[in-house]
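Peer 1: got a predicted structure here, sequence first:
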Amino acid sequence: MDEASLHVRAGDGGAGCVSFRREAHVSKGGPDGGNGGKGGDVWLEATTNMSSLLVFKDHPFQRAGDGAHGQGKLRHGRQGKDRIVLVPEGTVVKTPDGERLVDLVSAPSRWLAARGGRGGRGNAAFLTNQRRAPSFAEQGEVGEERWLKLELKLMADVAVVGFPNSGKSTFVSTVSAAKPRVAPYPFTTLQPHLGVVRLGSSSSPAGEFVIADTPGLIEGASEGRGLGHQFLRHIERARLLLILVDLASIEGYSPHEQESVLINELGRYNEDLLRRPRLIVGSKKDIATDYAMSSNGYPPYSISAVQGSGVTEVLWKIWQMLQEMQSIKIPSYHQSMLVVHRPEPKEGVLVVKEREGMFVVRGKAVERAVALSDLTDPQAASYVQDRLRRLGVDNALVSAGVKDGDVVQIGELEFTYFNDSVISKKARSR
Ligand SMILES: Nc1nc2c(ncn2[C@@H]2O[C@H](COP(=O)(O)OP(=O)(O)OP(=O)(O)O)[C@@H](O)[C@H]2O)c(=O)[nH]1
Ligand SMILES: [Mg+2]
């Protein structure tokens, strides 16, 4: 299991603008302040081009662009740029507490991880019959941000299949960070091990894929000989099979015979595996028997994992084959995105009594109502007062036991409460 933490931050909405039309022959032009642009969203998108969460170790912070502020002449601010964060197929997204949010099973499923803040309305939007010259505008809404936990259940791209003791674990441990046990006797490996193979330099990898080391497979495994073949279910999702044949031939099986026994056993377990693309590779070429080497052009690739020869060629061949099969999908890969639906947080009004004489009011709509460009402006103050009353803040405060002279805080606004009137006391700067 691969894990990473990710912090997503959507863009803030742009602020609305306060502006009035100015023309030479018009003494009092109408309001023409434009709206702020919406902040960009952060999306997670599953892709087939990644197979680990390694990149998030270096880049855990992902944020989208802010919306631009509105301007005069009714020019609205431009939307902030969305940020698309690519994650490997099979990524499970959770809250830091481990609550599951979404399974991004297959490309190109997308999930909205953080919503951009709405743009603030410009003063033109506050024009009413009673308010002919609105002198305030809304601030942009702050973009959502949160920590997410990503988990990836690795699915092998390549599974290494071979007789016991043929050098599977040695090969896998030289090409990946997986360190399965290696020993000079059969059945050392008892369960599959997964490792990520990176091609190219570590600073700019040309590609990566997941390789699975598996226990040894022998003739009669389907009748339960050796370790049986139940472990093969772990590699059924592998897109490519690497059949490793021992060139230092074991127990009288020539490389050719090893190949046909292995393929026969794979087919007896699941016929689909016979149609899976495969690559035949000879192992231990440094100590290959003359007999094994005599057959012309077989196997097509051979390696010495101990000396490191032939290994790079095999890795690039695997990479090339995986690229070519990009379009071929293993059925179990191809499920749609699984989203776990949760109730949206309530949009209501929440009043919290912080201490004697001090109340805090929370709620999206409420906080938005007080996020205006200039709260010292009397027009703005009367707009806020009206909005808060409509949203039920007055009633909620009274139910919570507010008394004249108590301090009430909403977002960045702090004021002193007097029955039936809200007097702006102090608007702290943002
Ligand atoms: N000379 C030589 N020996 C090798 C090479 N690769 C593996 N071996 C040896 O072969 C033995 C078995 O290697 P493993 O990698 O454990 O083989 P395995 O296929 O994983 O074996 P099981 O897990 O038991 O199925 C060890 O003693 C390795 O050192 C090689 O390229 N050259
Ligand atoms: Mg092994």
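Peer 2: It's in. Ligands and ions are numbered 1, 2, ... in the order given.
Peer 1: make it CA atoms for all contacts and neighbour counts henceforth
Peer 2: Noted.
Peer 1: just list whatever residues bridge to residue 151.
Peer 2: residue 3, residue 92 (DSSP bridges).
Peer 1: which residues touch it?
Peer 2: 1, 2, 3, 4, 91, 92, 93, 94 (C-alpha atoms under 8 Å, 6 or more residues apart in numbering).
Peer 1: was I right about the last one contacting residue 146?
Peer 2: To tie it back to what came earlier, the one meant is residue 94. No: using C-alpha atoms under 8 Å, residue 94 is not in contact with residue 146, being 11.1 Å away.
Peer 1: of those two, which one has the most company?
Peer 2: Shown here are residue 94 and residue 146; by other C-alpha atoms under 10 Å, residue 94 has more neighbours (18 against 13).
Peer 1: phi first, then psi, for the closest residue to the more buried one other than its chain neighbours.
Peer 2: Spatially, and ignoring its direct neighbours in sequence, residue 94 is nearest to residue 100 (4.3 Å; C-alpha to C-alpha, 6 or more residues apart in numbering). Dihedral pair for residue 100: phi -80, psi 130, per degrees, to the nearest 10.
Peer 1: where does residue 100 land on pLDDT?
Peer 2: We have a pLDDT of 87 for residue 100.
Peer 1: for burial, what's the neighbour tally of residue 60?
Peer 2: Residue 60 has 15 neighbours, counted by other C-alpha under 10 Å.
Peer 1: measure it to residue 3 for me?
Peer 2: Applying C-alpha to C-alpha, to the nearest Å, the value for residue 60 to residue 3 is 12 Å.
Peer 1: residue 68 too?
Peer 2: Counting by C-alpha to C-alpha, the gap from residue 68 to residue 3 is 35 Å.
Peer 1: quick one, which of those two is more surrounded?
Peer 2: residue 68 (23 against 17).
Peer 1: just checking, that one is part of a strand?
Peer 2: No: if the criterion is DSSP: H, G, I helix; E, B strand; the rest coil, then residue 68 is coil and not within a strand.
Peer 1: that one touches residue 75, doesn't it?
Peer 2: No: using C-alpha under 8 Å, residue 68 is not in contact with residue 75; the gap is 10.5 Å.
Peer 1: show me the domain layout of this structure.
Peer 2: As given by automatic domain parsing, the domain ranges for the chain are 2-153, 158-331, 350-427.
Peer 1: nearest to ligand 1, of those domains?
Peer 2: Evaluated over the domains of the chain, closeness to ligand 1 peaks at domain 158-331, with 3.3 Å, by C-alpha to the nearest ligand atom.
Peer 1: and the closest one, anywhere near ligand 1?
Peer 2: Yes: contact of domain 158-331 with ligand 1 (C-alpha under 6 Å from any ligand atom) involves 164-170, 182-189, 215-216, 283-284, 286-287, 304-306.
Peer 1: which of those fall in helices?
Peer 2: Using DSSP state H, the members of those that fall within helices are 168, 169, 170.
Peer 1: output those of those also counted as contacts of ligand 2.
Peer 2: Filtering these for proximity to ligand 2 (criterion: C-alpha under 5 Å from the ion) leaves residue 169.
Peer 1: most neighbours among the ones in helices among the residues of domain 158-331 next to ligand 1, please name it.
Peer 2: Result: residue 168 is most packed of those (other C-alpha under 10 Å), 29 neighbours.
Peer 1: so that residue touches residue 161, yeah?
Peer 2: Yes: Residue 168 lies in contact with residue 161 (C-alpha under 8 Å); the separation is 7.4 Å.
Peer 1: any residues in contact with both of those two?
Peer 2: 213, 214, 244.
Peer 1: mark which of those residues are buried, thanks.
Peer 2: Among the shared contacts of residue 168 and residue 161, the ones that count as buried by 16 or more other C-alpha atoms under 10 Å are 213, 214, 244.
Peer 1: for the host helix or strand of residue 268, packing partners?
Peer 2: Counting by DSSP states H and E, the element that carries residue 268 is helix 255-269. Applying 3 or more C-alpha pairs under 8 Å, 6 or more residues apart in numbering; DSSP states H and E, one finds that helix 255-269 contacts strand 158-162, strand 240-246, helix 272-275.
Peer 1: let me see the mean pLDDT of it.
Peer 2: Model confidence over helix 255-269, given as mean pLDDT, is 93.
Peer 1: now it - C-alpha only, CSV.
Peer 2: Extracted as CSV, the C-alpha positions of helix 255-269 are listed here (Å, rounded to 0.1, in the frame of the first residue of the first chain):
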residue,chain,number,x,y,z
PRO,A,255,13.8,-23.4,-20.7
HIS,A,256,11.2,-24.4,-23.4
GLU,A,257,9.6,-27.0,-21.2
GLN,A,258,9.5,-24.6,-18.3
GLU,A,259,7.6,-22.1,-20.4
SER,A,260,5.0,-24.7,-21.6
VAL,A,261,4.5,-26.0,-18.1
LEU,A,262,4.1,-22.5,-16.6
ILE,A,263,1.7,-21.4,-19.3
ASN,A,264,-0.3,-24.6,-19.0
GLU,A,265,-0.7,-24.1,-15.3
LEU,A,266,-1.7,-20.4,-15.7
GLY,A,267,-4.4,-21.5,-18.2
ARG,A,268,-5.7,-24.2,-15.9
TYR,A,269,-6.2,-21.5,-13.2
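Peer 1: now it against strand 240-246, angle please.
Peer 2: Counting by axes from the mean of the first three to the mean of the last three C-alpha atoms, to 10 degrees, helix 255-269 lies at 140 degrees to strand 240-246.
Peer 1: strand 158-162 and helix 255-269, what's the angle between them?
Peer 2: Angle, helix 255-269 to strand 158-162, by the same axes, to 10 degrees: 120 degrees.
Peer 1: now helix 255-269, how far from the chain's geometric center?
Peer 2: Relative to the mean C-alpha coordinate of its chain, helix 255-269 is positioned 39 Å out (C-alpha atoms, centre = their mean, to the nearest Å).
Peer 1: now do the host helix or strand of residue 8: which elements does it pack against?
Peer 2: Using DSSP H and E, residue 8 sits within strand 2-9. Here strand 2-9 touches helix 55-58, strand 61-63, strand 110-114, strand 145-152, going by 3+ C-alpha pairs under 8 Å, 6+ apart.
Peer 1: then that strand to CSV, C-alphas only?
Peer 2: In CSV, the C-alpha atoms belonging to strand 2-9 read as follows (Å, rounded to 0.1, in the frame of the first residue of the first chain):
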residue,chain,number,x,y,z
ASP,A,2,1.3,3.4,-1.1
GLU,A,3,0.2,6.4,1.0
ALA,A,4,0.5,10.2,0.7
SER,A,5,-0.9,13.3,2.3
LEU,A,6,-2.2,16.1,0.0
HIS,A,7,-3.3,19.6,0.9
VAL,A,8,-5.7,21.1,-1.6
ARG,A,9,-6.6,24.8,-1.7
